[in-house]
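# Structure for this input, please:
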Amino acid sequence: MAETPRGGTGQIQPGQPNQPGQPSHRREPGKQNQRGKRRPQGKDNPQGKDNPQGKRNPQGGRQRQPRDPARQVALDVLLAVADRDAYANLLLPQLLAQRQLSGRDAALATELTYGALRGRGTYDAVLDICCDRDLDSLDPVVREVLRLGTHQLLATRIQPHAAVATSVNLVKDAAGQRPAGFVNAVLRRVATRDLADWLSLAAPARDADSVGYLAVRYSYPRWIVEAFAAALGEAPGADMSQTEAALAAGSERPAVHLCVVPGLADQQELVAAGCTAARWSPFGAYLTDGDPAAIAAVAEGRAGVQDEASQLAAAALSRVGLDGADARWLDMCAGPGGKARLLAGLASQAGGAGARLVAAELREHRARLVQSAVTQVGSAGVIVADGTVPAWREAAFDRVIADVPCSGLGALRRRPEARWRRTPADVQSLGGLQRALLAAALDAVRPGGVVAYVTCSPHLAETQDVVADVLAAQPGVEVLDAPAALPEVPGIRAGPGGRYAQFWPHLHGTDAIFIALLRQPGPTTP
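Predicted coordinates for the structure are as follows:
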């Protein structure tokens, strides 16, 4: 059937166990799930596979080079994200390098890739009105080209005729002539209104369904809007201004945050290299443009990329006063190593003689990344170990950080595809592991020692609920005042008594990182 538009127009060692979005046309984003889907088989794609540039096409011969390499890169990344759960922040730089794109072409590819991923829910709601077919029934190439075209039409300064024409050419190059007329007609329909006009048609009325409105307006699945509102203490239907601000900030392009290793570099070196000093972290700086690797301190391993809130989580742990020894620190979930690098530097300056950091990572390839990150710091050792089946004796450490695996909802600015990849079931499935790791961290710290429980998610099921459940089983553990350890940072108090710290992108310009500081009771000496 022809597709027509609707409406006309240290040394790594293995650890040893125990001694590790019109009512019928509106769609709220997030209801479709493309995980595991492959391009349908057919005469133009007999094996259901993408055909990488330069390889032979099904009819034989070589594909010609793309007429629009920047848009082709963006399309290839979107297809890989949808088809095989690729990570855009990892794949995009690889493709830009492989295809030798730089300057304006690289910038365009980056804007189109991340813009289409962030705005997917909003764009799908608009496309639902403009198409006579359900988006999920379309060939993946056609669907992703429509999203790219809609982003250009509704969110960039690209002229409408150029956005439509380049999209038609892109789908011709990638999928042949047949879908070109469909793409042309749909995008011409999209071009008849601006984003605000489309939202008035595609989104539910705010006063009737505030969560649904925000989901379409800011391009999130409904469940994430609800989770953010709960974490911010706002009820659907009431004032949701903080939730709205958090959603808006989560779709902004973030600056790159850099962090020095104490003792090897300082903040002023990064400032002298063209960065801006971080607002709160004494180790941090912001890089708004350019390649971090072009900065000498980064190239030499004396600094690295690390979100400012993550830096402050490590700083908070190091600032808590201890009675007795302060010589042994543990990072239980150390990969890929940015946090461990800072902790190693902080440990080396602890007390008079300094402390030694043990960085544990379950997966060997990630442990190698940790080793590379800490190689310039002599006070760190890296082991391959499962934190839930410890390779260390109980009460062996003075300070422990458990930055546990989580949904990553706090880092959606940097990984926009995660909002479409994650589900409520994912959050639930992580809960057992998070509780086990926190319990193991409390076992690993000596009496009087301190544990930092950290997640890159504000979801209550991954933050306050986890801590509450573990503390119920260990009632003597003291909840320390985490915001008091970070007095320079305003507006981070959360949880019972405001003793947890919760960062937010709209308030702090960081990832939405959660920190709880806990002290193991008992004697103050090891």
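# so how many other residues sit close to Y213?
21 (other C-beta atoms under 10 Å). Every residue, glycine included, has its C-beta placed from N, CA and C.
# That one: what secondary structure?
State at Y213, reduced to three classes by DSSP: H, G, I helix; E, B strand; the rest coil: helix.
# Now do the same for the closest residue to it other than its chain neighbours: its pLDDT.
Nearest non-adjacent residue to Y213, counting by C-beta to C-beta, 6 or more residues apart in numbering: R206, 4.3 Å away. The score at R206 is 94. That number is its pLDDT.
# got a list of contacts for the helix or strand containing L247?
Using DSSP states H and E, L247 maps to helix 241-249. Under the contact criterion C-beta atoms under 8 Å, 6 or more residues apart in numbering, helix 241-249 has outside partners 214, 218, 220, 225, 228-229, 232, 234, 413, 504-506, 512.
# change it to 6 Å
With contacts defined as C-beta atoms under 6 Å, 6 or more residues apart in numbering, helix 241-249 is touched by 214, 218, 220, 228-229, 232, 234, 504-506.
# For ChimeraX, write the select line for the buried members of these.
In ChimeraX, a selection of the buried entries from the contacts of helix 241-249 looks like this (16 or more other C-beta atoms under 10 Å):
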select :214,218,220,228,229,232,234,504,505,506
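# now the contacts of helix 241-249 as CSV including pLDDT and secondary structure?
Listed next are the contacts of helix 241-249 as CSV, based on pLDDT from 0 to 100; DSSP: H, G, I helix; E, B strand; the rest coil:
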residue, pLDDT, secondary structure
L214, 98, helix
Y218, 97, helix
Y220, 98, coil
F228, 98, helix
A229, 98, helix
L232, 97, coil
E234, 96, coil
W504, 98, coil
P505, 97, helix
H506, 97, helix
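# average pLDDT for the helix holding L247?
pLDDT averaged over helix 241-249 gives 97.
# ok, then the element right after it?
strand 256-260.
# Describe which strands that following strand pairs with in its sheet and in which direction.
strand 284-287 (antiparallel), strand 303-305 (antiparallel) (DSSP bridges).
# Which positions within the next helix or strand after that strand qualify as buried?
Tracing the chain past strand 256-260, the next element assigned as helix or strand by DSSP H and E is helix 267-272. Under the neighbour-count criterion of 16+ other C-beta under 10 Å, helix 267-272 has 267, 269-270 buried.
# before we move on, back to that, could you dump the strands paired with strand 256-260 to TSV with mean pLDDT and mean neighbour count?
Putting those into TSV (pLDDT from 0 to 100; neighbours: other C-beta atoms under 10 Å) gives the following:
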stretch	mean pLDDT	mean neighbour count
strand 284-287	97	23
strand 303-305	95	21
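# Show me the shaky parts of this structure.
Confidence mapping of the chain against pLDDT under 70 gives the ranges 1-65, 352, 523-526.
# Mind naming the longest helix for it?
Longest helix in the chain, counting residues (DSSP state H): helix 424-444.
# How far does the very next helix or strand once past that helix sit from its chain's centre?
As assigned by DSSP H and E, the chain's next helix or strand after helix 424-444 is strand 445-455. Taking C-alpha atoms, centre = their mean, to the nearest Å, one finds the center of strand 445-455 at 25 Å from the center of the full chain.
# And stretch 287-301, by the same measure?
21 Å.
# Identify the residues contacting that stretch?
With C-beta under 6 Å, 6+ apart, stretch 287-301 has contacts from 255-256, 258, 265, 269, 273, 275, 303, 305, 376.
# got the CA positions of it in CSV?
Extracted in CSV, the C-alpha atoms of stretch 287-301 (Å, rounded to 0.1, in the frame of the first residue of the first chain):
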residue,chain,number,x,y,z
LEU,A,287,34.8,23.3,28.7
THR,A,288,32.1,24.7,26.4
ASP,A,289,33.8,24.0,23.1
GLY,A,290,36.6,22.0,21.8
ASP,A,291,38.2,18.6,22.4
PRO,A,292,39.1,17.8,26.0
ALA,A,293,42.1,15.7,24.8
ALA,A,294,43.6,18.9,23.4
ILE,A,295,44.2,20.1,27.0
ALA,A,296,47.6,19.0,28.2
ALA,A,297,46.5,18.0,31.7
VAL,A,298,43.8,15.7,30.1
ALA,A,299,46.2,14.2,27.5
GLU,A,300,48.7,13.4,30.3
GLY,A,301,46.2,11.8,32.6
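# Next, the contact list for A205, please.
Contacts of A205 (C-beta under 6 Å, 6+ apart): none.
# Helix, strand or coil: sort out it for me.
Classification of A205 using three-state DSSP returns coil.
# one step back: state the number of residues packed around the residue nearest to Y213.
Per other C-beta under 10 Å, the neighbour tally for R206 reads 15.
# how close does it get to G212?
9 Å (C-beta to C-beta, to the nearest Å).
# now L78
25 Å.
# Of those two, which one has the most company?
L78 (25 against 20).
# The stretch 251-400 of the chain: strands as residue ranges?
Remark: strands assigned in the stretch 251-400 of the chain by DSSP state E, counting those that start in this stretch are 256-260, 276-277, 284-287, 303-305, 328-331, 356-361, 380-384, 397-403.
# if I look at the residue lying closest to I513 once chain neighbours are set aside, how far off is S102?
Leaving aside its chain neighbours, I513 sits nearest to A309 (4.0 Å; criterion: C-beta to C-beta, 6+ apart). Using C-beta to C-beta, we find A309 at a distance of 31 Å from S102.
# Between these two, point out the one with more neighbours.
Between A309 and S102, A309 has the larger neighbour count (other C-beta under 10 Å), namely 31 against 10.
# How about the contacts made by the more buried one?
Applying C-beta under 6 Å, 6+ apart to A309 gives the contacts 503, 510-511, 513.
# one more time with 7 Å, if that's ok
503, 508, 510-511, 513 (C-beta atoms under 7 Å, 6 or more residues apart in numbering).
# and those residues, which of them are in helices?
Short answer: the contacts of A309 in helices (DSSP H) are H508.
# Columns neighbour count on top of the contacts of A309, output as TSV?
Formatted as TSV, these follow (neighbours: other C-beta atoms under 10 Å):
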residue	neighbour count
F503	28
H508	21
T510	28
D511	25
I513	28
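# Same list, the contacts of A309, but as a markdown table with distance to T423 please.
As requested, the contacts of A309 are arranged in a markdown table below (distance: C-beta to C-beta, whole Å):
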| residue | distance to T423 |
| --- | --- |
| F503 | 24 |
| H508 | 27 |
| T510 | 25 |
| D511 | 20 |
| I513 | 22 |
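# of the contacts of A309, closest to G115?
D511 (19.9 Å; C-beta to C-beta).
# right, and that closest one touches S457 too?
No. Using C-beta atoms under 7 Å, D511 and S457 do not qualify as a contacting pair, with a distance of 9.2 Å.
# Find residues that contact each of those two.
Contact criterion C-beta under 7 Å, 6+ apart; residues shared by D511 and S457: G410.
# helix or strand for L517, which one?
Per DSSP H and E, L517 falls inside strand 514-519.
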